[in-house]
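In: After the sequence you'll find the predicted model.
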There are 2 protein chains.
Amino acid sequence: MELRKTVPHRIGIDLMGCDAAPEDLYRAILQLIQDGFPAQIVCFASYEVGGELNNSIIKCSQVIQMDDDPLVAVRRKKDSSLCQGLQYLKEKKIDAFVSAGNTGALLFAAKTTLKTLKGIDRPALLALLPTKKKEVAVLDVGANLSLKPDHLVQFAQMGIAYQKSRGIENPIVGLLNIGIEAKKGTPQLQEAYLKLDAMNRDQPFFAGNIEGKDVFHGNIDVLVTDGFTGNVFLKTAEGIAAFILEELSRNKYEISGLRSRMHYAEYPGAILCGVNGVVVKCHGDSSSETFIHGIKNALRLVEHGFLEKIKNQLN
Amino acid sequence: MELRKTVPHRIGIDLMGCDAAPEDLYRAILQLIQDGFPAQIVCFASYEVGGELNNSIIKCSQVIQMDDDPLVAVRRKKDSSLCQGLQYLKEKKIDAFVSAGNTGALLFAAKTTLKTLKGIDRPALLALLPTKKKEVAVLDVGANLSLKPDHLVQFAQMGIAYQKSRGIENPIVGLLNIGIEAKKGTPQLQEAYLKLDAMNRDQPFFAGNIEGKDVFHGNIDVLVTDGFTGNVFLKTAEGIAAFILEELSRNKYEISGLRSRMHYAEYPGAILCGVNGVVVKCHGDSSSETFIHGIKNALRLVEHGFLEKIKNQLN
């Protein structure tokens, strides 16, 4: 039987390294507390912020800047809000730490201060994204640029654990790839696919490869990828969402116009550049309508002398 | 002086390899012609399609399937619609070729039949995407999984040529990366950055690195990336756009609800997985509001025993 904790949880907050000013963050935190946030707050700042929380602000003498070299910064700036916060977390003076600081420094400091978990070689950044159904956990979204297949398997396990902690009984894992076949993608992805597939016996959890466009159907709970691809995935999703919402506001909700602008079926397929000829590649899942756009596009390319222009550019 | 061509351009069309049935494509093409499409159409099909176009359908005896090995298929299936179309293009019997067939086969066949352009080592797939301003040309969106820096430079040149052919006088190029600093990303990207930057003298065209979310502001005309990342970028953009449009229809344009679902500021930052502690990483450009969501998320993780669950999962 688990006893319910009666002391409030303690959340450590790095007031530095965010584009928002420390005072603004601080004011927002005060409001959060006034609104009945059920946890204790401990702030870390190198900045003079005052007010009701004074005895919960840990003053630090150093600041890690966004353009600091992560390794150097973490080694030399032990009394920064970022390093102090993680040290507090290690010593269990707080239960969690929130920071918007230098990602590389946060990763390196977390790894060296907190150590990685047993069975985990590389920490990963996990982000939650909306889909048509429930949210999908995406990892890694920026901690590791290059990975071995085993790291991707570990990410799958961490993602499953995360979704279980959110109440999903049997989280389903997908591997972000450029096609669903087992042989798609880099050798690392192919090997990760085989490893995950081999684990998929007693209690199936692995849905195989998944493409970016299908992630938002909401049929998987965990999306596994390397930090570079995951970061691009996340930021692209953000960028498109922001773009659409802005269009909606600007055009006073003229949905039909937006629909036609955003409807990718109206975009004219991909152009095969670099060969000596005009070749348009449509999606395999093109509708006739889409295909017609590809045809119109091919004519446009011919009319505009695309091939000649590309040759001129290369001379 | 360039004489205006009086004979119509000829567009070759692969009726095979698309999820849409050849008959449906064919009907759509007939409609296109009826609507006054100002070009001659030449179809390639291994399938019995009939009608008014009969003397413009090149019958082929073989079919390249979507799951065929590209190299084997192209070598053994010379009389497929895909190979025949490219052969016609080479022989200048058509001016452009449109296909939704096996991407690998199309690439390999195009490269061997048409040859690459002088100065180009690797063909790339280019796709056009909408932004807040004018459209951006993205390449490569799937032809090459791994690339050398010089290939990326060549892609920039091809993208510039393409946008010039669309009437943009001085196209601006961005390099898709996970941050804007020159040292961001893989060694290949860093070197490509330096090479493009060195070319950026007489007539500046290189805007440096750009993140996925900023592409949609529409300040660049050409987005350069490798085929894996570009494919993920494109499909993610498609997926999010489809998701949002579907939500709009389903919820009868309840914009405010959608806004809050899509507003990434309400998503709770990234969780640093794999270290022995609960660490939440917010964006550097977080607003106070966003940051507060990160804090709430941190508490949720602690309350739900995320760290324990992740440890259990790894045992």
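Out: Yep, that arrived.
In: Break down chain A into its helices, ranges please.
Out: Taking DSSP state H as the criterion, chain A carries its helices at A:22-34, A:70-76, A:81-90, A:103-114, A:149-165, A:187-198, A:212-215, A:227-250, A:255-262, A:288-303, A:306-314.
In: Would you single out the least confident of these?
Out: With a mean of 57, helix A:255-262 has the lowest mean pLDDT of those.
In: Without its sequence neighbours, what residue ends up closest to the residue nearest in space to the middle of chain A?
Out: With distances taken as CA atoms, centre = their mean, the residue of chain A nearest its centroid is residue A:141 (3.6 Å). The shortest distance from residue A:141 to any non-neighbouring residue, by CB to CB, 6 or more residues apart in numbering or on different chains, is to residue A:230 (4.1 Å). Every C-beta, even on glycine, is put in place using the N, C-alpha and C of the backbone.
In: quick one: contacts for the one you found?
Out: With contacts defined as CB atoms under 8 Å, 6 or more residues apart in numbering or on different chains, the neighbours of residue A:230 are A:125, A:127, A:138, A:139, A:140, A:141, A:142, A:176, A:223.
In: make it 7 Å
Out: Neighbouring residues of residue A:230 by CB atoms under 7 Å, 6 or more residues apart in numbering or on different chains: A:138, A:139, A:140, A:141, A:142.
In: Then residue A:176?
Out: Residue A:176 neighbours (CB under 7 Å, 6+ apart): A:210, A:212, A:223, A:224, A:225, A:229, A:233, B:232.
In: So which of these wins on neighbours?
Out: Looking at the contacts of residue A:176 with neighbours defined as other CB atoms under 10 Å in any protein chain shown, the largest count falls to residue A:224 at 32 neighbours.
In: So that residue versus chain B, what's the distance?
Out: 11 Å (CB to the nearest CB, to the nearest Å).
In: Below-threshold pLDDT in the stretch 1-150 of chain A: ranges please.
Out: Scanning the stretch 1-150 of chain A with the threshold set as pLDDT under 70 gives A:1-6, A:47-55.
In: will you turn the helices of chain A into TSV that also has distance to residue B:200?
Out: Formatted as TSV, the helices of chain A follow (distance: least, CB to CB, whole Å):
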stretch	distance to residue B:200
helix A:22-34	37
helix A:70-76	28
helix A:81-90	35
helix A:103-114	27
helix A:149-165	36
helix A:187-198	33
helix A:212-215	31
helix A:227-250	23
helix A:255-262	32
helix A:288-303	27
helix A:306-314	15
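In: Tell me which of those lies nearest to residue B:34.
Out: helix A:288-303 (12.3 Å; CB to CB).
In: Can you add distance to residue A:70 and give the contacts of residue A:230 back as CSV?
Out: Putting those into CSV (distance: CB to CB, whole Å) gives the following:
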residue, distance to residue A:70
A:138, 22
A:139, 20
A:140, 16
A:141, 17
A:142, 13
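In: Compare the helices of chain A and give me the one nearest residue B:66.
Out: Among these, the nearest to residue B:66 by CB to CB is helix A:288-303 (15.6 Å).
In: helices and strands around that closest one, which ones?
Out: Where contact means 3 or more CB pairs under 7 Å, 6 or more residues apart in numbering or on different chains; DSSP states H and E, helix A:288-303 is packed against strand A:279-281, strand B:9-14, helix B:22-34, strand B:96-99.
In: Make TSV from those and add mean neighbour count to it.
Out: Below are those laid out as TSV (neighbours: other CB atoms under 10 Å in any protein chain shown):
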stretch	mean neighbour count
strand A:279-281	29
strand B:9-14	26
helix B:22-34	17
strand B:96-99	30
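In: Nearest to residue B:181, out of those?
Out: Using CB to CB, the helices and strands packed on helix A:288-303 put strand A:279-281 closest to residue B:181, at 33.6 Å.
In: partners of that closest one in the sheet?
Out: Counting by DSSP bridges, the strands paired with strand A:279-281 are strand A:270-273 (antiparallel), strand B:96-99 (parallel).
In: Identify all contacting residues around that strand.
Out: Residues outside strand A:279-281 that contact it (CB under 7 Å, 6+ apart) are A:269-272, A:294, A:297-298, B:96-99, B:103, B:106, B:110, B:125.
In: neighbour-wise, which of those leads?
Out: Counting neighbours by other CB under 10 Å, residue B:99 comes out on top of those with 32 neighbours.
In: Contacts only, for that residue.
Out: Taking CB under 7 Å, 6+ apart, one finds A:281, A:282, B:14, B:17, B:82, B:85, B:106 in contact with residue B:99.
In: So what pairs up with the residue nearest to it when sequence neighbours are not counted in the strands?
Out: Once flanking residues are discounted, residue B:99 sits nearest to residue B:14: 3.7 Å by CB to CB, 6+ apart. With DSSP bridges as the criterion, residue B:14 is bridged to residue B:44.
In: Chain B versus residue A:242, what's the distance?
Out: For residue A:242, the distance to chain B equals 7 Å [CB to the nearest CB].
In: repeat for residue A:216
Out: Distance from residue A:216 to chain B, counting by CB to the nearest CB: 4 Å.
In: residue contacts, that residue?
Out: By CB under 7 Å, 6+ apart, residue A:216 lies in contact with A:131, A:132, B:239, B:240, B:243.
In: With neighbour count and distance to residue B:63 added, can I get the residues you listed in TSV?
Out: Shown next, in TSV, are the contacts of residue A:216 (neighbours: other CB atoms under 10 Å in any protein chain shown; distance: CB to CB, whole Å):
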residue	neighbour count	distance to residue B:63
A:131	19	36
A:132	13	35
B:239	23	30
B:240	28	34
B:243	24	34
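In: Could you dump these into a markdown table and include distance to residue A:166?
Out: As requested, these are exported to a markdown table (distance: CB to CB, whole Å):
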| residue | distance to residue A:166 |
| --- | --- |
| A:131 | 14 |
| A:132 | 17 |
| B:239 | 22 |
| B:240 | 22 |
| B:243 | 20 |
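In: Looking at these, which two lie furthest apart in space?
Out: Greatest spatial distance among the contacts of residue A:216 (CB to CB): A:132 and B:240, at 11.0 Å.
In: The nearest residue to residue A:113 once chain neighbours are set aside and residue A:228, how far apart?
Out: For residue A:113, ignoring the flanking residues on the chain, the nearest one in space by CB to CB, 6+ apart is residue A:86 at 4.4 Å. Distance of residue A:86 to residue A:228, given as CB to CB, to the nearest Å: 25 Å.
In: What of residue A:140?
Out: For residue A:140, the distance to residue A:228 equals 9 Å [CB to CB].
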